[in-house]
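Asks: The amino acid sequence is not available; the structure is as follows:
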Ligand SMILES: Nc1ncnc2c1ncn2[C@@H]1O[C@H](COP(=O)(O)OP(=O)(O)OP(=O)(O)O)[C@@H](O)[C@H]1O
Ligand SMILES: Nc1ncnc2c1ncn2[C@@H]1O[C@H](COP(=O)(O)OP(=O)(O)OP(=O)(O)O)[C@@H](O)[C@H]1O
């Protein structure tokens with residue numbers, strides 16, 4: 001159904017092809033996963049299926065790509081629209097209408113589908129994706145995950161024979177991600193739809209894949225095989241596979257269920273050992289609620305234009321190093337008709353890392369927004385290093401807090417990576433080269449002269465993270481900081497954030513990435529419908545929740561292990577003892 005014949009893509013101005021030797025076929029009715037490190041060319045391959053690469057992106061495509069027998073060289077993207085539905089990494093840039101319902105209908109209208117059929121499919125899709133309550137809402141007012149659901153719904157309604165999805169679950173809460181993948185699997189099984197999707201969080205998708213196409217490194221031809229074959233050699237793999245490698249299991253498990261079946265001996269050995277308590281990792285148990293702080297407004301969303309470059313290096317101005325950096329009490333926020341937060345308490349203390357979790361639309365970004373003064377409370381109080389964020393001048397606020405927003409693009413203004421980094425150093429009063437070193441530390445292979453617009457999703461996030469980390473704000477806020485990041489980049493981000501926490505910064509991150517929360521957070525706060533429904537040490541909160549438990553916890557329950565790294569450390573210590 002999809003066929004790549006010796007395809008290479010070279011973007012304009014690039015010395016080398018971004019991908020080459022791409023030669024594989026996706027048969028009708030299969031779900032194929034495209035995996036590989038950040039920036040390796042997954043979006044480029046996906047874009048070539050619907051003809052967006054090179055028709056919209058520019059560059060040169062050599063070889064041949066055909067979809068349902070149509071050559072993408074001779075068929076423009078709109079001449080493929082009846083066969084291929086594509087969801088890109090940035091849904092906002094693809095929306096063409098204003099409301100949820102209109103967006104779901106739009107693709108069908110342009111294909112001339114009968115109104116009665118359209119009506120039925122819109123209703124079905126609203127239910128399928130949990131969007132019924134939002135049907136009249138303007139898309140611009142939806143949370144990130146709600147927008148991602150609309151984007152997925154809008155390509156499902158025309159019932160295309162081929163679906164191409166770029167990180168379709170990156171903004172979805174764990175339950176929503178499972179539901180969307182179950183819907184895709186049903187389309188594959190019941191309607192024979194062909195699905196090609198790229199995803200970094202392999203733990204979410206590997207069990208649904210018939211086959212995997214792995215792009216191992218930039219410019220290296222892809223490997224094609226069953227999930228088990230590819231996971232045996234892949235540089236990117238989910239925690240259960242990593243656990244299987246550590247324990248020497250063969251064949252490697254792909255699911256929690258497989259791993260549980262094999263975990264008997266490991267469980268016995270681990271029963272003697274004690275996992276390090278996450279709450280002991282330097283967290284001062286914040287009495288009361290978790291907190292966050294305001295980010296430098298100039299580097300936050302919505303972007304202030306022209307952007308004052310005012311970030312300054314953090315000079316702690318609190319005489320008591322243990323005093324909370326941010327305190328939120330009884331916070332209520334209204335956003336349009338929505339009561340986005342109610343009675344929220346949160347404390348962020350120096351050295352503490354708090355993960356905000358909860359369903360799409362629960363209010364996580366709103367809470368971060370109040371800490372940077374972008375969102376005004378309706379009731380209650382928010383203090384960041386003593387200041388009331390929405391009443392504090394940006395130049396004062398930015399010395400207290402920095403935010404990496406959910407859409408890193410909102411933070412980037414310059415024409416090149418080098419210029420962006422130089423501006424970040426100047427804003428932060430940091431030594432020249434600081435930001436650039438952080439970019440390289442997170443993801444190597446990002447070149448100085450690239451326009452931030454042309455970076456891959458993960459590369460752009462790495463740049464935005466580096467820009468904010470350069471300022472080293474006392475309170476660091478991160479909204480979904482792992483979209484587009486491969487496991488290695490995530491591990492490097494974890495190391496950098498731990499170091500900052502150890503130096504006394506307070507960190508609050510909103511995330512759906514349960515593995516990240518397990519690895520990094522001292523404390524997890526779960527929001528539901530605008531209210532705090534759980535707040536405690538990570539191990540306690542995630543172990544108690546099937547939705548938020550990481551894979552290792554599920555495999556080894558009731559033992560309270562969270563990550564493969566913990567187990568590796570414990571086994572090493574045991575062997576040395
Ligand atoms: N329009 C473009 N012009 C120039 N270079 C581009 C363009 N789009 C992508 N690139 C470059 O091609 C490389 C691959 O990008 P691509 O987005 O395909 O990677 P990816 O594997 O999808 O990454 P991620 O996992 O971070 O989403 C990157 O180095 C990126 O900078
Ligand atoms: N500008 C706005 N106008 C009206 N409603 C809004 C606006 N921004 C957000 N909302 C609504 O407020 C609620 C909370 O949104 P928020 O973005 O804080 O959720 P979230 O927990 O960050 O979600 P996600 O996990 O999907 O990013 C949602 O119901 C959303 O639709």
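Replies: That came through fine. What you are looking at is a predicted structure, and each value in this text was computed from that prediction instead of being measured. Ligands and ions are numbered 1, 2, ... in the order given.
Asks: Please count neighbours and contacts with C-alpha atoms only from this point.
Replies: OK.
Asks: need the residues of the protein near ligand 2, please.
Replies: 141-146, 335-336, 338, 340, 359-366 (CA under 6 Å from any ligand atom).
Asks: just checking, which of those residues belong to strands?
Replies: 335, 338, 340 (DSSP state E).
Asks: Would you mind listing which of those are buried?
Replies: Neighbour counting with 16 or more other CA atoms under 10 Å marks residue 340 as buried within those.
Asks: Now the ones in strands among the residues of the chain next to ligand 2 in a markdown table, please, with extra columns for distance to residue 409.
Replies: Shown next, in a markdown table, are those (distance: CA to CA, whole Å):
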| residue | distance to residue 409 |
| --- | --- |
| 335 | 23 |
| 338 | 26 |
| 340 | 24 |
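Asks: from the middle of its chain, how far away would stretch 384-395 be?
Replies: Taking CA atoms, centre = their mean, to the nearest Å, one finds stretch 384-395 lying 28 Å from the centre of the chain it belongs to.
Asks: Show me where the stretch 201-350 of the chain dips below the pLDDT cut-off.
Replies: Counting by pLDDT under 70, the stretch 201-350 of the chain has low-confidence residues at 276-321.
Asks: low-scoring pLDDT stretches of this protein, where are they?
Replies: Counting by pLDDT under 70, the chain has low-confidence residues at 276-321, 577.
Asks: Name the residues of it found near ligand 1, please.
Replies: Applying CA under 6 Å from any ligand atom, we find that the chain lies next to ligand 1 at 11, 18, 38-44, 57, 454-459, 484.
Asks: From these, which land in helices?
Replies: Among those, the members found in helices (DSSP state H) are 42-44, 457-459.
Asks: From those residues, keep the buried residues only.
Replies: Buried members of those, scored by 16+ other CA under 10 Å, are 42-44, 457-459.
Asks: can I get the residues you listed in TSV with distance to residue 87?
Replies: Converted to TSV, these look like this (distance: CA to CA, whole Å):
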residue	distance to residue 87
42	13
43	11
44	13
457	14
458	17
459	19
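Asks: For residue 16, which non-adjacent residue is spatially closest?
Replies: Of all residues beyond its chain neighbours, the one nearest residue 16 is residue 10 (6.5 Å), with distances taken as CA to CA, 6 or more residues apart in numbering.
Asks: Isn't that neighbour up against residue 63?
Replies: No - using CA atoms under 8 Å as the test, residue 10 is too far from residue 63 to be in contact (11.7 Å).
Asks: Do a quick rundown of the strands in the stretch 251-400 of the chain.
Replies: Assignment of strands within the stretch 251-400 of the chain using DSSP state E, counting those that start in this stretch yields the ranges 326-335, 338-348, 353-357, 379-384.
Asks: what's the most buried one of those?
Replies: Stretch with highest mean neighbour count among the strands of the stretch 251-400 of the chain: strand 353-357 (a mean of 31; mean count of other CA atoms under 10 Å).
Asks: Now do the buried residues in stretch 66-74.
Replies: Burial within stretch 66-74, assessed by neighbour count using 16+ other CA under 10 Å, is assigned to 66-67, 70-73.
Asks: Next, give me the two most distant ones among those.
Replies: 67 and 73 (10.8 Å; CA to CA).
Asks: Hmm, residue 470 is touching residue 430, no?
Replies: Yes - under the criterion of CA under 8 Å, residue 470 lies in contact with residue 430, with a separation of 6.9 Å.
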